[in-house]
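**Student:** Provided below are the primary sequence and the corresponding predicted coordinates.
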Amino acid sequence: MNQLSWTIQWKTANVADLVGRVYPKDVLEQMVDKYLPLVKSRSAYVGFRQDEIIEHREPIIRLNNVCGLVTDIFWREDDIMITIETVDTPMGKVVRELYDNKNISPKEYQPPSIVTGK
């Protein structure tokens, strides 16, 4: 499977997310600090749970809903941006197929969760 990579806005400080949560910037800064080492070690993935951080402390991640690897996380003003690369999982293939068939563009896909293996 050819990899598809794109960058999206993931969270915004002081603005309600998809489920109505509002995160102050200092809380989001802590979140970025937490996930940055995982992103650098290629251990952070995106899935399809509704705007929720999922952190697995076990060494095994259930890949049923995982569609992409987070390859970068950074700030753009008050927005946390993440770069995602599709992975060879059932949901990764679905995202890639939707893109290939022009049913979605990378900008339309908003991954709601980050799953970590550590």
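**Tutor:** Sure, I can see it.
**Student:** Find the centremost residue of this structure, please.
**Tutor:** Centroid-nearest residue in the chain: V46, 3.8 Å away (criterion: CA atoms, centre = their mean).
**Student:** Bridged to it, which residues?
**Tutor:** Beta-bridge partners of V46, counted by DSSP bridges, are G68, I114.
**Student:** right, and it touches T71 too?
**Tutor:** No: counting by CB atoms under 8 Å, V46 does not reach T71; the two are 10.5 Å apart. Where C-beta positions appear, they are placed from N, C-alpha and C, glycine not excepted.
**Student:** who touches both of these two?
**Tutor:** I84 (CB atoms under 8 Å, 6 or more residues apart in numbering).
**Student:** how much space between the residue nearest to the centre of the chain and N14?
**Tutor:** Plainly put, V46 is 23 Å away from N14 if you go by CB to CB, to the nearest Å.
**Student:** pLDDT weak spots in the protein?
**Tutor:** Counting by pLDDT under 70, the chain has low-confidence residues at 1, 48-63, 102-118.
**Student:** For the longest helix seen in it, list the C-alpha coordinates in CSV.
**Tutor:** For the chain, the helix with the greatest residue count under DSSP state H is helix 25-40. The C-alpha coordinates for helix 25-40 follow below in CSV (Å, rounded to 0.1, in the frame of the first residue of the first chain):
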residue,chain,number,x,y,z
LYS,A,25,-3.5,26.2,26.2
ASP,A,26,-1.5,25.2,29.2
VAL,A,27,-3.3,21.8,29.2
LEU,A,28,-2.7,21.3,25.5
GLU,A,29,1.0,22.2,26.0
GLN,A,30,1.2,19.4,28.5
MET,A,31,-0.5,17.1,26.0
VAL,A,32,2.0,18.0,23.3
ASP,A,33,4.9,17.5,25.7
LYS,A,34,3.5,14.1,26.6
TYR,A,35,3.0,12.9,23.0
LEU,A,36,6.2,14.5,21.4
PRO,A,37,8.5,11.7,22.6
LEU,A,38,6.0,9.0,21.4
VAL,A,39,5.7,10.7,18.0
LYS,A,40,9.5,10.9,17.6
